[in-house]
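**Student:** the following comprises the amino acid sequence and a computationally predicted model.
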Amino acid sequence: MSIEVKNLRFRYGARPVIGDVAFTAEKGELLAVLGPNGVGKSTLFRCLLGFLKPVGGEILVDGTELTAYSRRELAKKIAYIPQSHSPAFDHTVLDSVLMGMTAQLRVFEQPGQAQREKAVQMLRALGIEKLADRGCMKISGGERQLMLLARALVQDASMLIMDEPTANLDYGNSCRVMERVKKLGQAGYTIIFSTHDPNQAFSYATKVLALKDGGVMAVGAPEAVLTEDVLSRLYGIPVARCEMETVFGRKTICMPVPGGMEGA
């Protein structure tokens with residue numbers, strides 16, 4: 001599945017938020033959306049999901065204008081994983097995942113045995129099958145993110161849009177979630193995720209979209225476009241980029257320059 005965004009513009013009232021944003025995401029790509037707070041990442045996602053109507057530009061899903069799809073049709077193509085999830089009821093993890101099948105069922109139809117088996121299969125694929133009967137209020141933040149990922153996967157959508165999927169997670173859970181996301185990309189899913197951490201983009205993304213002041217500062221392979229100059233201007237602090245040799249191969253990381261933020 002592919003998505004193409006052409007000169008997208010959006011504003012709240014008279015205040016412009018997104019201006020002439022353009023990019024593509026193809027099957028198997030992991031596109032990381034980077035940028036400081038308030039740059040419009042969440043607004044961009046709401047436009048891609050059809051929740052907000054742009055004032056200009058185009059969004060093409062598999063070559064067809066986004067607005068041509070019904071809400072149910074779009075749910076079969078794009079699944080959304082929110083930044084955080086605070087459940088109001090302590091549904092089991094399995095029942096929470098089954099809620100992702102709403103678009104596949106008729107009105108008032110209940111999930112059957114085939115749907116339950118599919119949900120369990122997704123939990124197993126993500127390594128959390130043992131949590132199936134656990135209340136969703138009684139699991140960790142990392143486990144809840146994996147539960148939301150499973151719920152998105154049972155939609156049978158081939159594109160995942162993830163708004164800061166590791167926000168509020170500790171380092172271990174963050175890595176576990178992103179490793180699962182990376183494997184989904186390798187399996188052919190098209191994935192767009194936002195992050196505040198450029199090192200996440202270096203580690204997991206195949207492409208990056210860097211936003212600043214509502215527009216595109218850079219788009220392309222992380223190692224090619226996330227230069228020290230771009231990172232420093234993007235976040236407003238001096239940033240150094242380093243190349244490391246690890247047992248897993250060569251790795252690119254970045255870090256703030258010690259003492260360099262004084263007067264920045």
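**Tutor:** Received it, and whenever you're ready, just let me know what you need. Residues are numbered from 1 along each chain as shown.
**Student:** strands of this protein, start to end?
**Tutor:** 3-12, 15-25, 30-34, 56-61, 64-65, 78-81, 159-162, 190-194, 207-212, 215-220, 239-246, 249-256 (DSSP state E).
**Student:** OK, contacts around residue 119?
**Tutor:** 94, 97, 98, 100, 101, 111, 150, 154 (CB atoms under 8 Å, 6 or more residues apart in numbering). In this view, the C-beta of every residue, glycine as well, is placed from N, C-alpha and C.
**Student:** show me which of those residues is closest to residue 50.
**Tutor:** residue 100 (17.5 Å; CB to CB).
**Student:** tell me the contacts of the nearest residue to that closest one once chain neighbours are set aside?
**Tutor:** Nearest residue to residue 100, sequence neighbours excluded (CB to CB, 6 or more residues apart in numbering): residue 151, at 3.8 Å. Residues in contact with residue 151 (CB under 8 Å, 6+ apart) are 96, 97, 99, 100.
**Student:** so what pLDDT did the residue lying closest to the first one once chain neighbours are set aside get?
**Tutor:** Nearest in space to residue 96, with sequence neighbours left out and distances taken as CB to CB, 6+ apart, is residue 136 at 4.9 Å. The score at residue 136 is 89. That number is its pLDDT.
**Student:** okay, now residue 136: neighbour count?
**Tutor:** Using other CB atoms under 10 Å, residue 136 has 21 other residues around it.
**Student:** where does the stretch 1-150 of the chain dip in pLDDT?
**Tutor:** For the stretch 1-150 of the chain, the stretches with pLDDT under 70 are 84-86, 103-109.
**Student:** about what we covered before: turn the strands of the chain into JSON lines, including mean neighbour count and distance to residue 44.
**Tutor:** Listed next are the strands of the chain as JSON lines, based on neighbours: other CB atoms under 10 Å; distance: least, CB to CB, whole Å:
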{"stretch": "strand 3-12", "mean neighbour count": "17", "distance to residue 44": "7"}
{"stretch": "strand 15-25", "mean neighbour count": "17", "distance to residue 44": "6"}
{"stretch": "strand 30-34", "mean neighbour count": "26", "distance to residue 44": "7"}
{"stretch": "strand 56-61", "mean neighbour count": "16", "distance to residue 44": "10"}
{"stretch": "strand 64-65", "mean neighbour count": "11", "distance to residue 44": "17"}
{"stretch": "strand 78-81", "mean neighbour count": "22", "distance to residue 44": "13"}
{"stretch": "strand 159-162", "mean neighbour count": "24", "distance to residue 44": "10"}
{"stretch": "strand 190-194", "mean neighbour count": "24", "distance to residue 44": "8"}
{"stretch": "strand 207-212", "mean neighbour count": "23", "distance to residue 44": "8"}
{"stretch": "strand 215-220", "mean neighbour count": "17", "distance to residue 44": "11"}
{"stretch": "strand 239-246", "mean neighbour count": "12", "distance to residue 44": "23"}
{"stretch": "strand 249-256", "mean neighbour count": "13", "distance to residue 44": "23"}
